[in-house]
Structure formats: structure tokens, C-alpha cells
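[1] Build me a structure from this.
(3 chains)
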Amino acid sequence: MPELAELRLTADYINQAASGLKFTKIHKNPVHKGKEVPTPFKWFTISAESRGKELMITFRDTDTRKFKRLLMGMGMTGHFKLTNTGNEPKHAHLMFYATDGVTLSFVDVRRFGKWKEVEEWSSNRGPDPTKEYKDFKENIVANMDKAAMKKPICEVLMNQGYFNGIGNYLRAEILHRIPKLNPFTPANKAIHDHPIIFILCKELPLKAYALGGGQLSLTEDTWYAINTNISNYFMCYGNADMARVKDKNGRVFWFNPKWTKSLLFSLYHDA
DNA sequence: CGTCCACGTCTAC
DNA sequence: TAGACCTGGACGG
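    Sure thing, here's the model as predicted:
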């Protein structure tokens, strides 16, 4: 469940699930190749915050208030789940055991999720378009002349150094909502001519977040809710009437079929 | 059965 | 700029 909206929902879920709980132990599933996460304190609380596609977990000592942080990525399938201890889901890879018989688990079928003990957010990822909108915009404006910005906007929207949190469904939905913009236009020109891109990078994730949060109580079903119950959100991604092309990273880009007749698309397609 | 596909990074020729 | 990393669901024979 892993673009910006789902990361925010995941942070909400953790904060809600861990509220009032006292944790005593961390355990890693040995099948996972990630580093062991040592139990940080004898008794600790857990809280979470998201920034783009990253998730920061904070462990706080219940006595001294000292804290340690764990930076996570959710990969393609990562999410959290609170269960009774002993009933952890299949594919639980990091387990946080609380005192009163419950466990908060990081569950990740494909194991693309990652974690690392850190002090800060990754410096190579840009500001969050929904929480740090001003910084997000300034970071792009200040770098409009960079080589990375000469690539097609459909690809640059996936560049996490500028568009932290935008993934494959959001780029499709964002570009689909700018009907006059050819999605194969160089990003610097596209952004200059259509500054509404900035607004959409904030508002479309926020809408997905609001829909996901409102439908269900922040579980792994969030993605399912957005995808199946919110018929008017996904206008482009997954729509059989749309055109598709594999981008240079092997990801399928969904877009309005009218652009398949354009020169920019032909050049992109043949390259 | 088998092949293809999936909301994302990573690193190695 | 391919592949590698993974599991499992959908769909074809």
C-alpha cells in the first residue's frame, strides 16, 4: 500500500494502534535479510510519521524519554498490523511486542520493505508535497535547470529527489488531470507551462488519503478501498481505455491515448 | 500446470 | 538500462 497517501495512513495506523501500549521487545523474522533491530529500551512507546514514501518510527523510553529512530520504506506490499501475540500475520517480518498480549507487526509479502536506524530522513529524497508544500515547490523551482528536469514529465514525477511520495498510480492520475499537457514533454517545460502540477502533487495524494482513511479503519485494506470503492478517483491508472507504455525503468505508464499520435510519444517510444 | 503482472527501490555490467 | 530482489493472484492451456 505504498505511495504518499498509504504511507500517511500507515503512520496513522501505527499511532492509533500503539496508543497507550508499552512495548518490551523487538524481533525480526529470520527469513528477512534486513538487519536485526535491537530492542532499544526495557519499556518503550512507539509512534510514527511519514514523509513522502518514507516512514519514521520513534521508540521512546517510558522512563527517561530518550528515543531512537528507525527509518522504513514499505516496498510494494509493506503495512502494519496489530494482533494478539501469537496470531501475527503470515509475512510478519518485524514484530514489536507489547506488555498486554498484543503485537504490532510489519507485514510485507514481497519483502521489498527496508529499515535502517538513523537520525534523519534520507537526504536524497525531496520534501513531502502534502506536508512541506512550500519546500517541495522551492526545491523543484531551484533545480529547473538540472539535467534530470529535461527528461519527460511522466518520468520525472517518479524522481523521489523532487517528487517524494509520487508513485506509479499518482503520476498517471496527476498527468491525466492536465488534459492539455503532453506527458512526454520535458519536465522543465511542462512545469513552467502548467504550474498546476504543484497543486495536483499535493491535492491528489491528500484526496487519496482522505478517501482511504474515511472508508476503513486504516488497515491493510486501505489500498483495496481506494481501488475498488472509489470509482471516480482512478480515472486513468488501471483503466482499460487508457494507453500504456513501459518507461525506461520498466514501469507501466498509463496515459490518455490521444497522445499516442504525438511526435513526442513517437520519439519516446522508439528510443 | 505455466506465464505475466503488481502501489519500489537498488547495484552491477 | 537491464536485472535483482520476492510472493501470490489472475488468467491461459
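
[2] Tell me where the model's unsure across the stretch 151-271 of chain A.
    A:213-231 (pLDDT under 70).

[3] what residues are up against the residue in it that DNA strand C sits nearest to?
    Residue nearest to DNA strand C within the stretch 151-271 of chain A: A:Lys248 (5.5 Å; C-beta to the nearest atom of the strand). C-beta here means a position set from N, CA and C on the backbone, and glycine is covered the same way. By C-beta atoms under 8 Å, 6 or more residues apart in numbering, the residues touching A:Lys248 are A:Glu155.

[4] any idea which element it lies in?
    In the assignment (DSSP states H and E), A:Lys248 maps to no helix and no strand.

[5] any idea how far A:Lys25 is from it?
    Taking C-beta to C-beta, to the nearest Å as the measure, A:Lys248 falls 44 Å from A:Lys25.

[6] now A:His79
    21 Å.

[7] Look at those two and report which has more neighbours.
    In this view A:His79 and A:Lys25 are compared by other C-beta atoms under 10 Å, and A:His79 has more residues nearby, 25 against 13.

[8] Would you mind naming the residues that bridge with that one?
    A:Val107 (DSSP bridges).

[9] confidence score at it?
    A:His79 is assigned 95 on the pLDDT scale.

[10] Repeat that for the one 4 residues further on.
    We have a pLDDT of 97 for A:Thr83.

[11] Pull the number of nearby residues for it.
    17.

[12] Same check on A:Ser50?
    By other C-beta under 10 Å, neighbour count at A:Ser50 equals 25.

[13] give the contact list for it.
    Counted by C-beta under 8 Å, 6+ apart, A:Ser50 has contacts A:4, A:7-8, A:10-11, A:56, A:128.

[14] Just the buried positions in the helix or strand hosting A:Leu206, please.
    Take DSSP H and E as the rule and A:Leu206 turns out to sit in helix A:196-215. By 16 or more other C-beta atoms under 10 Å, the buried positions in helix A:196-215 come out as A:197-198, A:200-202, A:204-209, A:211-213, A:215.

[15] Can you list phi and psi of the residue nearest to A:Asn168 when sequence neighbours are not counted for me?
    In space, A:Asn168 comes closest to A:Arg251 once its chain neighbours are excluded; the distance is 5.5 Å by C-beta to C-beta, 6 or more residues apart in numbering. Main-chain torsions, A:Arg251, degrees, to the nearest 10: phi -90, psi 140.

[16] Hmm, A:Arg251 is touching A:Arg171, no?
    No. The pair A:Arg251 and A:Arg171 fails to qualify as a contact (C-beta atoms under 8 Å) at a distance of 9.1 Å.

[17] intersection of neighbour lists for these two?
    A:Met158.

[18] quick one, which of the two is more surrounded?
    Per other C-beta under 10 Å, whichever of A:Arg251 and A:Arg171 has more neighbours is A:Arg171, with 28 against 14.

[19] Kindly indicate whether that one is helix, strand or coil.
    helix (DSSP: H, G, I helix; E, B strand; the rest coil).

[20] Run through the residues that contact the residue lying closest to it once chain neighbours are set aside.
    Ranked by C-beta to C-beta, 6+ apart and with sequence neighbours excluded, the top spatial neighbour of A:Arg171 is A:Leu157, at 4.0 Å. Applying C-beta under 8 Å, 6+ apart to A:Leu157 gives the contacts A:163, A:166, A:170-171, A:174-175, A:187, A:201.

[21] mind redoing it with 6 Å?
    A:163, A:166, A:171 (C-beta atoms under 6 Å, 6 or more residues apart in numbering).

[22] wait, which of the residues you listed is closest to DNA strand B?
    A:Ile166 (7.5 Å).

[23] Chain A: helices as residue ranges?
    A:4-18, A:133-141, A:153-156, A:168-176, A:187-193, A:196-215, A:222-229, A:263-270 (DSSP state H).
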